[in-house]
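*Asks:* Need a 3D model of the following:
(4 chains)
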Protein chains: 2
Amino acid sequence: MGHEVLAAVLRVRGASLQVMLWERAREPHAHRWSLPGGELRVDEDVESSIRRQLAEKVDVRQLSHVEQLAVFSAPDRVPGPRVVATAFLGLVPSDVDPEVPSDTSWHCTEKLPAMAFDHASIVHRARHRLGSKLSYTNLGFALAPPEFTISLLRDHYSAALGYRVSATNLQRVLSRRLLLEPTGGTAPPGPSGGRPAALFRFSAKGIKVTDPFAVLRPPGSGRPAGGGGTT
Amino acid sequence: MGHEVLAAVLRVRGASLQVMLWERAREPHAHRWSLPGGELRVDEDVESSIRRQLAEKVDVRQLSHVEQLAVFSAPDRVPGPRVVATAFLGLVPSDVDPEVPSDTSWHCTEKLPAMAFDHASIVHRARHRLGSKLSYTNLGFALAPPEFTISLLRDHYSAALGYRVSATNLQRVLSRRLLLEPTGGTAPPGPSGGRPAALFRFSAKGIKVTDPFAVLRPPGSGRPAGGGGTT
DNA sequence: CACGTTTTCGACCAATAGGCGAAAACCCCG
DNA sequence: CGGGGTTTTCGCCTATTGGTCGAAAACGTG
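*Replies:* Presented below is the predicted three-dimensional model:
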């Protein structure tokens, strides 16, 4: 029973969320598109394996985030002998444009080309995971360059979530969590003018990129300030 | 390269969060405790497999929730030939007390006995996952009986989270999400008296048990009511 | 230098979360 | 049968967070 690793590597380009795919040359599923990955070797764990396999496609140092997504294990998910797949979600910041081989290119995740095997469902799962985690983690910063404007960040959130996000609100929410740190610099305005935007960087004030924000907090977080009672 | 499935099946008992373990009789790691599971067969996917394996230990109909946790794949995680493990998180409501084989019993997750292989880290991961998801999903109901009092639910949340939770706040938060539905009945008070507690059931008003609650919502959720501006 | 454009900021409102304390509804005991 | 102990439930208050709008700031261009 074989085991392979696959990665849905996502990035934001303009207003769309894209995934890195390569076109199969040989059967089975020739000319269909599939996710990068390959066989797990006996001397490596799945994380090392996916990094090794991705290194054949892109510069892995440009990956801002990699996490396990899920195991896909339907017995007939690939023709022939049975292969179990461990799928990963990978993210690339929008400022880098990695060199990719000639059989590889980026595709909008909303209208995918003809996909091989069960890879379309893996992409959908990755998209859904990213969307969910944007709400309650700091994963959004993994989509942006090291220095960014609020507008850019908002556009990335909008692309990944699929709906419009307010820059005002986004800035307030993130800065209240102490995640935004102004660099002091500004970005030049666009071709149609406008006020130059301030640059920010992600501030890891003890908060890891993937730490969730609790909703039911331990007691005493946010000091009582008391006084509820009577007169 | 082998593939096995393992499950950390958790339940709340009194004030502690427990995990189901069985004691190994044979080498390797004889007399150490390990998670239920076993080899993945070629004709089943991992979800079917873990259900089949668990059926040998408990009545699987008593499981209120099963989800993939992560893949554990360190090359040396078990002695001998390499085995990759897909780990699951399982939950059992506190009202059922499943029959278990004689080699199997429940253990507090905070001070685990001598564990086999990497199973201790799987349990820790399961604990952490449950704690995180309690904040932003409805997974808490999977720990409780079909009908429950707020105090019972609070105790379960406290046990799983490791800190005190207020019954007042819990009730308000959950009922605002339309998740609590009064049954009309009441539970008899404890041996030391007290007001009888009202019984509730989980109300799936279109909300699945595992659906997350968004933080950054689409625009227009919670109608504008406008008016912000000046005079 | 008026005008369009984009960013940024402040004000306001709604929704959510947390914290008492009082009232309600039971028990037991004298 | 009434007082004390116990537990639940509810109302009120406050703090925090999220959402929207409009004005002001800071550019470009004609």
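
*Asks:* which residues of chain A fall in helices?
*Replies:* A:46-55, A:119-136, A:150-161, A:167-176 (DSSP state H).

*Asks:* Now mean neighbour count, mean pLDDT and distance to A:Leu17 too, for those, in JSON lines please.
*Replies:* Yep, even glycine has a C-beta here, placed from its N, CA and C like the rest. As requested, these are exported to JSON lines (neighbours: other C-beta atoms under 10 Å in any protein chain shown; pLDDT from 0 to 100; distance: least, C-beta to C-beta, whole Å):
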{"stretch": "helix A:46-55", "mean neighbour count": "20", "mean pLDDT": "97", "distance to A:Leu17": "18"}
{"stretch": "helix A:119-136", "mean neighbour count": "19", "mean pLDDT": "94", "distance to A:Leu17": "7"}
{"stretch": "helix A:150-161", "mean neighbour count": "21", "mean pLDDT": "96", "distance to A:Leu17": "5"}
{"stretch": "helix A:167-176", "mean neighbour count": "15", "mean pLDDT": "93", "distance to A:Leu17": "17"}
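
*Asks:* Dump these into a markdown table; add distance to DNA strand C as well.
*Replies:* Shown next, in a markdown table, are the helices of chain A (distance: least, C-beta to the nearest atom of the strand, whole Å):
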| stretch | distance to DNA strand C |
| --- | --- |
| helix A:46-55 | 32 |
| helix A:119-136 | 11 |
| helix A:150-161 | 3 |
| helix A:167-176 | 4 |
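
*Asks:* would you list those in a markdown table and tack on distance to B:Gly14?
*Replies:* Below are those laid out as a markdown table (distance: least, C-beta to C-beta, whole Å):
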| stretch | distance to B:Gly14 |
| --- | --- |
| helix A:46-55 | 37 |
| helix A:119-136 | 30 |
| helix A:150-161 | 42 |
| helix A:167-176 | 38 |
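
*Asks:* For B:Gly37, find the nearest of these.
*Replies:* Nearest to B:Gly37, of all these, is helix A:46-55, at 17.8 Å by C-beta to C-beta.

*Asks:* what packs against the closest one?
*Replies:* Under the contact criterion of 3 or more C-beta pairs under 8 Å, 6 or more residues apart in numbering or on different chains; DSSP states H and E, helix A:46-55 touches strand A:2-13, strand A:37-39, strand A:65-72, strand A:83-91.

*Asks:* Can you tell me how far the residue most central in space within chain A is from chain B?
*Replies:* The residue lying closest to the centre of chain A (C-alpha atoms, centre = their mean) is A:Leu91, at 3.8 Å. When distance is defined by C-beta to the nearest C-beta, to the nearest Å, A:Leu91 is 18 Å away from chain B.

*Asks:* quick one: contacts for that residue?
*Replies:* A:Leu91 is in contact with A:9-11, A:63-66, A:130, A:139, A:142-143, counting by C-beta atoms under 8 Å, 6 or more residues apart in numbering or on different chains.

*Asks:* which of the helices and strands packed on helix A:46-55 sits most buried?
*Replies:* Mean neighbours per residue, mean count of other C-beta atoms under 10 Å in any protein chain shown, is largest over these for strand A:83-91, with a mean of 25.

*Asks:* Next, the angle strand A:65-72 makes with that strand.
*Replies:* 150 degrees (axes from the mean of the first three to the mean of the last three C-alpha atoms, to 10 degrees).

*Asks:* roughly how far out does strand A:83-91 sit from the chain middle?
*Replies:* Distance of strand A:83-91 from its chain centroid, counting by C-alpha atoms, centre = their mean, to the nearest Å, is 13 Å.

*Asks:* which neighbours does that strand have in its sheet, and in what orientation?
*Replies:* strand A:2-13 (parallel), strand A:65-72 (antiparallel) (DSSP bridges).

*Asks:* Kindly export the shortest one (C-alpha atoms) in PDB.
*Replies:* Pointing back at strand A:65-72 there. These are the backbone C-alpha positions of strand A:65-72, laid out as PDB (Å, rounded to 0.1, in the frame of the first residue of the first chain):
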ATOM      1  CA  HIS A  65       3.300  28.500   5.700                       C
ATOM      2  CA  VAL A  66       2.800  24.800   5.400                       C
ATOM      3  CA  GLU A  67       0.400  22.700   7.400                       C
ATOM      4  CA  GLN A  68      -1.300  19.300   7.300                       C
ATOM      5  CA  LEU A  69      -4.700  19.400   5.700                       C
ATOM      6  CA  ALA A  70      -6.100  15.900   5.800                       C
ATOM      7  CA  VAL A  71      -5.700  12.300   4.700                       C
ATOM      8  CA  PHE A  72      -7.400  11.300   1.500                       C
END
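
*Asks:* for it, what is the average pLDDT?
*Replies:* Averaging pLDDT along strand A:65-72 yields 97.

*Asks:* next one: the longest one
*Replies:* Here the mean pLDDT over strand A:2-13 is 97, rounded to a whole number.

*Asks:* measure the residue nearest to the centre of chain A to DNA strand D for me?
*Replies:* 22 Å (C-beta to the nearest atom of the strand, to the nearest Å).

*Asks:* just to revisit the earlier point, quick one, which of the helices of chain A is nearest to DNA strand D?
*Replies:* Among these, helix A:167-176 comes nearest to DNA strand D, with 3.8 Å by C-beta to the nearest atom of the strand.

*Asks:* Any residue of that closest one touching DNA strand D?
*Replies:* Yes - Helix A:167-176 is in contact with DNA strand D by C-beta under 7 Å from any atom of the strand, via A:168-169, A:172-173, A:176.
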